[in-house]
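Q: Let me see the structure of the following:
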Amino acid sequence: MPFNLPILLTWLRVALIPICVAVFFVPNNILLMESRNLIGATIFGLAAITDWLDGYLARKLGQTSAFGAFLDPVADKLIVAAALILLVELNRIDGWMAMIIIGREITISALREWMAEMGARKSVTVAYIGKLKTTAQMVAILVLLYNGPILPGISTLLLGKLFMIVAVILTLWSMVYYLRMAAREFSGKKIDV
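A: Below is the predicted model:
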């Protein structure tokens with residue numbers, strides 16, 4: 001297993017997951033909910049920044065690796081899934097939203113694995129719609145974890161839910177896109193299932 005700065009940042013993102021979740025379960029007599037929201041959102045924001053930074057540094061420093069390419073999306077999916085489940089537990093989003101996003105992540109991960117075995121992984125590489133989906137998810141989760149004042153007269157919870165609806169729509173759209181790319185790859189080819 002190679003070890004470099006981008007991989008270290010990815011491992012940091014994985015390590016931040018239980019810390020981000022645990023913050024929300026600190027008792028009120030130790031930490032008020034407003035403080036938990038701020039700390040949890042800050043930790044999640046730090047993790048989101050490392051998601052961008054590790055990829056940037058891997059390319060800039062020439063430190064890309066097969067292990068890094070494997071670990072990075074796993075870390076992304078783990079932190080998003082943990083945050084979504086936490087938001088359902090905190091009653092800030094509906095369970096169906098989390099199920100759609102987590103279900104899509106599992107489906108596309110399995111599709112990518114299958115396509116790699118078929119020698120056609122490039123047909124389901126990350127596309128612009130996938131990057132838009134990820135951005136919408138990260139913003140929605142960050143706003144919903146924070147759940148505090150942003151601007152006078154604007155409900156953070158409502159704003160976060162609107163971003164989450166956009167994220168769900170983009171999640172479904174990107175899933176259809178990747179499934180169509182995979183189907184196009186195999187149209188006319190005999191596939192053993």
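Q: contacts, neighbours, all on C-alpha from now
A: Will do.
Q: Now the top helix by length along the chain: buried residues?
A: In the chain, with assignment by DSSP state H, the single longest helix is helix 156-186. In terms of neighbour count (16 or more other Cα atoms under 10 Å), helix 156-186 has its buried residues at 156-157, 159-161, 163-171, 174-175, 177-179, 182, 185.
Q: For N91, give me phi and psi.
A: phi 60, psi 40 (degrees, to the nearest 10).
Q: if I look at it, how far off is I154?
A: For N91, the distance to I154 (Cα to Cα, to the nearest Å) stands at 19 Å.
Q: same deal with W11?
A: In terms of Cα to Cα, W11 sits 36 Å off from I154.
Q: ok, back up a step: chain center to the longest helix of the chain, what's the gap?
A: Centre-to-centre, helix 156-186 and its host chain are 12 Å apart (Cα atoms, centre = their mean, to the nearest Å).
Q: now do stretch 63-71
A: Worked out by Cα atoms, centre = their mean, stretch 63-71 lies 17 Å from the chain centre.
Q: Quick one: mean pLDDT for that stretch?
A: Average pLDDT, stretch 63-71: 85.
Q: Now do the buried residues in it.
A: 63-65, 68.
Q: before we move on, which element is the residue nearest in space to the middle of the chain in?
A: Centroid-nearest residue in the chain: V80, 3.9 Å away (criterion: Cα atoms, centre = their mean). Element membership of V80, judged by DSSP states H and E, is helix 66-89.
Q: Not counting its own residues, what contacts that helix?
A: Helix 66-89 has contacts (Cα atoms under 8 Å, 6 or more residues apart in numbering) with 1-2, 6-7, 10-11, 13-14, 17, 21, 51, 93-95, 98, 102, 105, 137-138, 141, 144-145.
Q: Low-confidence bits of this protein, can you list those?
A: Confidence mapping of the chain against pLDDT under 70 gives the ranges 1, 120-125, 188-193.
Q: Tell me, how many residues neighbour the nearest residue to D94 once chain neighbours are set aside?
A: Distance criterion Cα to Cα, 6 or more residues apart in numbering; nearest residue to D94, sequence neighbours excluded, is V88 at 6.0 Å. Neighbourhood size, V88 [other Cα atoms under 10 Å]: 15.
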